[in-house]
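Q: Predicted model follows, preceded by the sequence.
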Amino acid sequence: MNYYRFFIANWKILLFAILFAFFSGFGQTFLLSLYIPHFLKEFSISHTLYSTIYAVATLLSGITIIFAGKIIDRVPLKSFAVAVIVGIAAANIVAGLTFNLIILFLAIFMLRFFGQGLLSHTAMTAMGKYFTKNRGKALSVAYLGFPIAEGLFPIIIVGAILAFGWRQSFFLSALSIVVILLPVTLYLLHKFKQEDIKEEFGNSARGNLPLTVDNERTWSQKEIVRDKSFYFFAPTAFLVGFILTALFFFQTFIAEFKGWTIEWMALNITAYAIASFSFSILAGPITDKYTAKKIFPFILFPMIIGLITLIVFKHPFATTLFWFFVGVTAGLNPTVSNALYAEEYGIQGLGAVRSLFTFVMVGSTALGPIMYSLMLNSGLTFNLIHVIIIVVTTFLFI
């Protein structure tokens, strides 16, 4: 079943997942970073203090997801989705009403928890639970919401801030969620049942995987943490989030260190977007054919090649190669990893499973900028930092 036929056959649930991935942008770093100058000016705080607030709020949201994320296993998808929508709308309202640092902390926590956390979690968990033979394709389709958001949201939000002010832009974001996401979600999930899913069951390497959950084991979070496979999977989830967030956070400083202009560095992020988009599409059918477990060990290799390129070369076109290889890992990771969790731990408790790995990922996005800052302050250069990361990554997977 090609992507077109697959989407037409399952367009409602797939569009739902794309929209949730797209609207998760309201809690992602690429969007919230646009508000940093306004927060610093409004509350007269330093960049260091704001970074600390952001990191602690992000870590707290990750811990909370461990408990909240598994609720999706026990309640109807529509009920869970509506609760998440109400939460992200409320988060934007709180952000717009922020008048002191305590409320700012609460706003960032809510945006990270409901946006980066639960909106993404809902989209990916639904695809993992409801699809079997075409799980890879479903996850690839859902992932498209992320690069679309990365391309559109900054333009929209910057325009809204310039036209109406930063507080009003948060209110407009909340309004768009209530007016667009809520009614569309209610329509798409109206009377939705797993029996509505249409898949093509042909020959593939997934033939030995269970197609039903009748006799499937339900893993508790405690059992998962005790399972040795968790400690093979978790480092990849951590490293991808850690490295990606730090690279974006410090992109202007990396450009200065390498002797590249900031404009050239930003322009070449297009290579990242193209690679991420393309390889997320390719990851679907490849995962369906060979299984995620066989592909997963290779996810970090392109990113390592990108870091080596960044270390060795100073030519401006090395920027393009660097971002491209990083984008390959960014595109492969969500589809392969989320399919892997379903393959390894089953789908009955997939919400609980993904909650743990979401916590690892969210925690890594909070620690990335902090650890880079500490290493830079200790006198290490970006090249040395990336050599350390490459060595640690290689050691973990030997």
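A: Yep, that arrived.
Q: got any ranges where the protein has weak pLDDT?
A: The chain contains residues with pLDDT under 70 at 1, 200-216, 398.
Q: Would you mind splitting the protein into its domains for me?
A: Annotated domains of the chain cover 7-191, 217-398 [automatic domain parsing].
Q: Adding distance to residue 199 and mean neighbour count as columns, could you present those in TSV?
A: (C-beta placed from N, C-alpha, C; glycine too.) Output for those, formatted as TSV (distance: least, CB to CB, whole Å; neighbours: other CB atoms under 10 Å):
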stretch	distance to residue 199	mean neighbour count
domain 7-191	5	20
domain 217-398	10	19
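Q: Now distance to residue 197 too, for the ones you listed, in JSON lines please.
A: Below are those laid out as JSON lines (distance: least, CB to CB, whole Å):
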{"stretch": "domain 7-191", "distance to residue 197": "5"}
{"stretch": "domain 217-398", "distance to residue 197": "12"}
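Q: so which of those comes closest to residue 198?
A: Comparing the domains of the chain by their distance to residue 198 (CB to CB), the top pick is domain 7-191, with 4.0 Å.
Q: Between the two ends of the closest one, how far is it?
A: 19 Å (CA to CA, to the nearest Å).
Q: Who are the contact partners of residue 92?
A: Contact partners of residue 92, counting by CB atoms under 8 Å, 6 or more residues apart in numbering, are 26, 111, 170, 171, 173, 174, 177.
Q: Mind doing that once more with 10 Å?
A: 26-27, 107, 110-111, 114-115, 169-178 (CB atoms under 10 Å, 6 or more residues apart in numbering).
Q: which ones are touching residue 389?
A: For residue 389, the contacting residues are 239, 242, 243, 246, 303, 304, 307, 371, 372, 375, by CB under 10 Å, 6+ apart.
Q: Which of those residues sits closest to residue 228?
A: Among the contacts of residue 389, residue 239 lies closest to residue 228 (CB to CB), at 18.4 Å.
Q: surely the closest one meets residue 301?
A: No: applying CB atoms under 10 Å as the test, residue 239 and residue 301 come out as separate, 11.9 Å apart.
Q: Spit out the residues that contact those two alike.
A: 329, 393, 397.
Q: Return the subset of the residues you listed lying in helices.
A: 329, 393 (DSSP state H).
Q: Reformat the shared contacts of residue 239 and residue 301 as CSV; add distance to residue 258.
A: As requested, those are exported to CSV (distance: CB to CB, whole Å):
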residue, distance to residue 258
329, 20
393, 21
397, 27
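Q: Can you tell me which of the shared contacts of residue 239 and residue 301 comes closest to residue 195?
A: residue 329 (35.9 Å).
Q: Spell out the secondary structure type for the nearest residue to the closest one once chain neighbours are set aside.
A: Nearest non-adjacent residue to residue 329, counting by CB to CB, 6 or more residues apart in numbering: residue 303, 3.9 Å away. Counting by DSSP: H, G, I helix; E, B strand; the rest coil, the backbone at residue 303 sits in helix.
Q: check contacts around residue 251.
A: Contacts of residue 251 by CB under 10 Å, 6+ apart are 260, 262, 265, 266, 268, 269, 319, 323.
Q: again, only this time at 6 Å
A: residue 265 (CB atoms under 6 Å, 6 or more residues apart in numbering).
Q: do you know how far it is from residue 294?
A: Per CB to CB, to the nearest Å, residue 251 is found 33 Å from residue 294.
Q: Same question for residue 147.
A: 25 Å.
Q: before we move on, what about residue 193?
A: To residue 294, residue 193 is 32 Å away according to CB to CB.
Q: do residue 177 as well
A: 39 Å.
Q: With residue 318 instead?
A: Per CB to CB, residue 318 is found 31 Å from residue 294.
Q: Check residue 3 too.
A: 22 Å.
Q: Secondary structure element holding the residue nearest to residue 261 when sequence neighbours are not counted?
A: Closest residue to residue 261 apart from its sequence neighbours, by CB to CB, 6+ apart: residue 255 at 6.7 Å. Using DSSP states H and E, residue 255 maps to helix 251-258.
Q: what's downstream of the helix or strand harbouring residue 4, the next helix or strand?
A: Counting by DSSP H and E, the element that carries residue 4 is helix 3-9. Where DSSP H and E defines the elements, the next helix or strand beyond helix 3-9 is helix 11-23.
Q: who does that following helix touch, helix- and strand-wise?
A: helix 120-130, helix 135-143, helix 145-164, helix 182-188 (3 or more CB pairs under 6 Å, 6 or more residues apart in numbering; DSSP states H and E).
Q: The residue nearest to residue 261 against residue 265, yeah?
A: Yes: in terms of CB atoms under 6 Å, residue 255 counts as a neighbour of residue 265; the distance is 3.8 Å.
Q: which strands and helices sit next to the one helix or strand residue 370 maps to?
A: Assigned by DSSP H and E, residue 370 belongs to helix 350-377. If you count contacts as 3+ CB pairs under 6 Å, 6+ apart, helix 350-377 packs onto helix 47-68, helix 120-130, helix 221-226, helix 230-249, helix 318-345.
Q: That helix to helix 120-130, inter-axis angle?
A: 140 degrees (axes from the mean of the first three to the mean of the last three CA atoms, to 10 degrees).
Q: next one: helix 350-377 to chain centre, how far?
A: 11 Å (CA atoms, centre = their mean, to the nearest Å).
Q: do the same with stretch 385-393
A: Counting by CA atoms, centre = their mean, stretch 385-393 comes out at 22 Å from the chain centroid.
Q: next one: stretch 66-84
A: 18 Å.
Q: and it, how far apart are its ends?
A: Terminal residues of stretch 66-84 lie 15 Å apart, using CA to CA.
Q: what does it contact?
A: In contact with stretch 66-84 (CB under 6 Å, 6+ apart) are residues 114, 118-119, 121-122, 125, 185, 189, 349, 351-352, 355, 359.
Q: Now do the SS call for the closest residue to residue 182 other than its chain neighbours.
A: Distance criterion CB to CB, 6+ apart; nearest residue to residue 182, sequence neighbours excluded, is residue 85 at 5.2 Å. The three-state label given to residue 85 by three-state DSSP is helix.
Q: thought residue 85 was touching residue 183?
A: No: judged on CB under 6 Å, residue 85 makes no contact with residue 183 at a distance of 10.0 Å.
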